[in-house]
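Chemist: Provide a 3D model corresponding to the input given below.
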Amino acid sequence: MNYKEAGLRESEYLSLKKTLGREPNELELRIMGVMWSEHCSYKSTRPLLKKLPKEGQYVVLGPGENAGIIDGGAGIGIAFKVESHNHPSAVAPYQGAATGVGGIIRDIIALGARPVASLDGLFFGSEQSPVHDGVVKGVGGYGNCIGVPTIGGKTCYDPTYEGNPLVNAMNIGTVRLDKIVSSQTARPGQAVVILGSKTGRDGIAGAAFASAELKDNTKESRPSIQIGDPFVEKLLTEACLEMRDAGLFVSMQDMGAAGILSSSSEVAAKSGVGMTIDFDKVPLRAEGMEPWEIALSESQERMLLIVEDAKMPEIYAIAEKWGLDATEIGRTEEGDHYRIYWKGALAADIPATTIGSDCPTIDWPQQRPDLEARWNEDLKFDAPCPGQALVDLLGDSNLHCKEDIYVQYDSMVQTNTVVGPGSPVSVFRVADSGRLCAVSMEADPWGCELDPERATANLVARSCRALAVAGAVPGGLTNCLNFPSPENPQHFWVLSHSVEGMASACRELDCPVVSGNVSLYNETSATAILPTPLLGVVGIVEAPAVMKCGQWREGDVLFLAGWNEGTLAASVYQRHYARDFAGRPVPFVPERERAFNAAALATAKAQAADSARPIIGGGLLVVVAKEAIESGVGVDLKEKDYSAADLFGEGATAAIYAVPTAKVEEFRRCWKDVPLEEIGVVGGPCLAVGGKCLRSVEELNKAFRNL
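Modeler: The predicted model follows:
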């Protein structure tokens, strides 16, 4: 095998050869080809990611560990992260999605946290996509069996995802701040232990598979797909947490991409120790496995532990209790060498830092696309009257009810879910703290295609705004950057400027990035996906109760709070009728966002409204209709000369509130520094304007639910 076959660039090969002072052998080439792949090394994006703010008031643990942690109060940390499993889900939809869920859950476990909530970001070519049902079943099948509720998510449809769907899995866990586990605390002279399932050939070289564009013949990639067992993961969870409580391990790392190799070399590099691994001791479930297969297998439900010798008997006892294998496969040592032995002989010897952190970065050339052409393009299309347009948009695949998806997920297991799927923000109780945790998940690939910097900044603002309306203060953000090949100069320019927009907005809104994931090469020979940064923002509800949506009451006064200055550019309205999108997203105005969020938080704290909903997808009229549908009661809006952008524009820093008449004055005081307009009164069976029925709530509900 030569370095090209291993997946190394010539410059990387020469750097490795210089470090070793000799020619690398085949195993070492295979090791470095995977560990220096895009998926493992982030060699194209590390310089970009350094621009993101990582510190904030609530941050306990930022990037560098398996997930980020923010302070949830009362001595409880909230751990969270989102990761992609895109390529595997394109090839094997059920297992790809299922193991994506399992992998992110193990990231949370690796911090010593108990997984308490999941969300998923799904992007398909259409609702009829051949992978659609398999992915949805995979997400639900794994999450339901392991006993972690799926409390929300984001689902989008666009033809560019037809050959390359995106499956982004997010998990949230809770951990006492004095029980946080690190992957960076190993010391020389300790045992290296593998806990969980035996090692097989499934998922071999999955990291390399995820670092290249999808080929037309996906059957050839099936050996790279991992096979998950949620019941074993449940046992693994309980065993790890019991060992954590007993203080039995020094360090822990999940086995994800590149399996034993990645987990062990990362612990060694981060901890500043050497390590020797004996492959003859690794429990195998397949005969005749070669050392490179053992090193790179991505068999699921495995964890790596670093343990003091005196604690090994207790480790074995707890593993036996939960029916899991626990085997000492190596030792930590002084120095920096990472060595693999097989059949009693030295098979590989590379510095741990070379494997884990020394991959040379790539500064790909950038070329700015002709954005002005799209900004100035005047798309001609015919649209019906507002009433019919509302019905049409409520039935659009990107706006209609996703109940057919989330009904397959158990959202109430653990009995801590307060607001589940279908709402702009999901909320759960933080056990033993008396507080609530809120989380939003957002994406806008169409806006990012038109102006990546503006759209990504607005995405941060939109996420924080939704939390503020619910009564939550943003504590931190996790992101999954789904983009095409960085080797295309225009694609890399878009990626770079998307990160710039995120960094700017996060700084302005005090929302640090505590964890994340990058997934590149999301394209086929036919097309590249739209640029798709997906954000998950987590916050703590400081109000006495969360402000919910869909809670209108007869007689409530309906207010439009904020700046309803959205645009039809890249809106669902434009895409639905023009079958294309153009224009420019609205600018990010941090002063407005801060003023809006302060007023929204004050409203929630005072409980000065019955119901609230941020104006996000579909614009003002769609949001009003969704509130009416969920509340089961209509509204009579005041007559006004509304433009299409007023009714269906997106990007506004605004929300609608339904306020009891007795609380109107208190509500107005909360919004004294922000534009506020009384736009209607709740009541009746219709969404009416000036007393004239635009559409009945029943008709709107049928459109929304595709009945």
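Chemist: quick one: the helices in the stretch 51-200 of the chain?
Modeler: Taking DSSP state H, counting those that start in this stretch as the criterion, the stretch 51-200 of the chain carries its helices at 86-91, 93-109, 132-146.
Chemist: which elements pack onto the longest one?
Modeler: With contacts defined as 3 or more C-beta pairs under 8 Å, 6 or more residues apart in numbering; DSSP states H and E, the secondary structure elements packing on helix 93-109 are strand 76-84, helix 86-91, strand 114-124, helix 132-146, strand 166-176, helix 230-245, strand 251-254. Placement of C-beta: from N, CA and C, glycine included.
Chemist: about what we covered before: for Arg187, which of the helices of the stretch 51-200 of the chain is the nearest?
Modeler: Among the helices of the stretch 51-200 of the chain, the nearest to Arg187 by C-beta to C-beta is helix 93-109 (22.1 Å).
Chemist: what inclination does the closest one have with respect to strand 114-124?
Modeler: Relative orientation of helix 93-109 versus strand 114-124 (axes from the mean of the first three to the mean of the last three C-alpha atoms, to 10 degrees): 140 degrees.
Chemist: and helix 93-109, average pLDDT?
Modeler: Helix 93-109 shows an average pLDDT of 96 in the prediction.
Chemist: measure how it sits relative to strand 166-176, angle-wise.
Modeler: Orientation of helix 93-109 against strand 166-176 (the same axes, to 10 degrees) gives an angle of 30 degrees.
Chemist: mind saving the C-alpha coords of helix 93-109 as CSV?
Modeler: Extracted as CSV, the C-alpha positions of helix 93-109 are listed here (Å, rounded to 0.1, in the frame of the first residue of the first chain):
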residue,chain,number,x,y,z
PRO,A,93,-30.8,4.6,6.2
TYR,A,94,-31.9,2.7,9.3
GLN,A,95,-28.5,1.7,10.7
GLY,A,96,-26.9,4.9,9.6
ALA,A,97,-29.4,7.0,11.5
ALA,A,98,-29.6,4.6,14.5
THR,A,99,-25.8,4.5,15.0
GLY,A,100,-25.7,8.3,14.6
VAL,A,101,-28.0,8.5,17.6
GLY,A,102,-26.0,5.9,19.5
GLY,A,103,-22.7,7.7,18.8
ILE,A,104,-23.8,11.1,20.1
ILE,A,105,-25.2,9.5,23.2
ARG,A,106,-21.8,7.9,24.0
ASP,A,107,-20.2,11.3,23.6
ILE,A,108,-22.4,12.5,26.4
ILE,A,109,-21.8,9.4,28.5
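Chemist: ok, back up a step: adding distance to Ala658 and mean neighbour count, write the helices and strands packed on helix 93-109 out as TSV.
Modeler: Formatted as TSV, the helices and strands packed on helix 93-109 follow (distance: least, C-beta to C-beta, whole Å; neighbours: other C-beta atoms under 10 Å):
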stretch	distance to Ala658	mean neighbour count
strand 76-84	30	27
helix 86-91	40	25
strand 114-124	27	25
helix 132-146	33	22
strand 166-176	29	27
helix 230-245	41	20
strand 251-254	45	26
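Chemist: in stretch 23-43, what's buried?
Modeler: Counting neighbours by 16 or more other C-beta atoms under 10 Å, one finds that the buried residues in stretch 23-43 are 24, 26-43.
Chemist: narrow those residues to those in helices?
Modeler: Using DSSP state H, the members of the buried residues of stretch 23-43 that fall in helices are 26-35, 38-41.
Chemist: quick one: which of the residues you listed is nearest Asp254?
Modeler: Among those, and counting by C-beta to C-beta, the member closest to Asp254 is Cys40, at 13.9 Å.
Chemist: ok so, going back, kindly indicate which of the ones in helices among the buried residues of stretch 23-43 lies nearest Leu14.
Modeler: Closest approach between these and Leu14, by C-beta to C-beta: Met32, at 12.0 Å.
Chemist: so what's the closest one closest to, chain neighbours aside?
Modeler: Using C-beta to C-beta, 6 or more residues apart in numbering and skipping the chain neighbours, the partner closest in space to Met32 is Leu16 (5.6 Å).
Chemist: checking my notes, that neighbour in a helix, right?
Modeler: Yes. Using DSSP: H, G, I helix; E, B strand; the rest coil, the secondary structure at Leu16 is a helix.
Chemist: tally of neighbours for it?
Modeler: 26 (other C-beta atoms under 10 Å).
Chemist: any idea how far it lies from Asp158?
Modeler: Using C-beta to C-beta, to the nearest Å, one obtains 40 Å as the distance from Leu16 to Asp158.
Chemist: what residues does whichever strand or helix holds Leu305 touch?
Modeler: Assigned by DSSP states H and E, Leu305 belongs to strand 302-307. With contacts defined as C-beta atoms under 8 Å, 6 or more residues apart in numbering, strand 302-307 is touched by 106, 109-110, 185-186, 190-197, 199, 236, 240, 243, 248-255, 259-260, 263-264, 267, 271, 315, 328, 332.
Chemist: pull out the buried members of those.
Modeler: Buried members of these, counted by 16+ other C-beta under 10 Å: 106, 109-110, 186, 190-197, 199, 236, 240, 243, 248-255, 259-260, 263-264, 267, 271, 315, 328, 332.
Chemist: in the stretch 501-650 of the chain, what spans have low per-residue confidence?
Modeler: Scanning the stretch 501-650 of the chain for pLDDT under 70 picks out 543.
Chemist: mind listing the strands for it?
Modeler: The residue ranges that make up the strands of the stretch 501-650 of the chain, judged by DSSP state E, counting those that start in this stretch, are 513-519, 532-541, 557-563, 611-614, 635-637.
Chemist: which one of those strands lies nearest to Phe596?
Modeler: Shortest separation from Phe596 across the strands of the stretch 501-650 of the chain is recorded for strand 557-563, at 5.1 Å, computed as C-beta to C-beta.
Chemist: which residues sit against the closest one?
Modeler: For strand 557-563, using C-beta under 8 Å, 6+ apart, the contacting residues are 592, 596, 599-600, 615, 620, 624, 635, 637, 652-661, 664, 667, 671, 674-682.
Chemist: same deal with stretch 132-148?
Modeler: Outside stretch 132-148, the residues that reach it (C-beta under 8 Å, 6+ apart) are 89, 92-102, 105, 115-118, 120, 122, 124, 126, 149-150, 165, 167, 169, 171, 228, 230-231, 233-234, 237, 405, 408-410, 413-414.
Chemist: mind splitting this structure into its structural domains?
Modeler: 3-356, 369-400+548-707 (automatic domain parsing).
Chemist: can I get these in CSV with distance to Ala461?
Modeler: Shown next, in CSV, are the domains of the chain (distance: least, C-beta to C-beta, whole Å):
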stretch, distance to Ala461
domain 3-356, 15
domain 369-400+548-707, 5
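Chemist: what's near enough to touch the residue lying closest to Glu698 once chain neighbours are set aside?
Modeler: If you skip the residues right next to it in sequence, Glu698 has Pro685 as its closest partner in space, 7.2 Å away by C-beta to C-beta, 6+ apart. Applying C-beta under 8 Å, 6+ apart, one finds that Pro685 lies in contact with Val633, Gly634, Ser696, Val697, Glu698.
Chemist: ok, of those, which come out buried?
Modeler: The neighbour-count test (16+ other C-beta under 10 Å) marks Val633, Gly634, Ser696, Val697 as buried among the contacts of Pro685.
Chemist: mind listing what the first one touches?
Modeler: Read it as Val633. By C-beta under 8 Å, 6+ apart, Val633 lies in contact with Trp552, Arg553, Glu554, Val682, Gly683, Gly684, Pro685, Val697.
Chemist: what do you get for the last one?
Modeler: Contact partners of Val697, counting by C-beta under 8 Å, 6+ apart, are Ala628, Ile629, Gly632, Val633, Gly634, Pro685, Cys686, Leu687.
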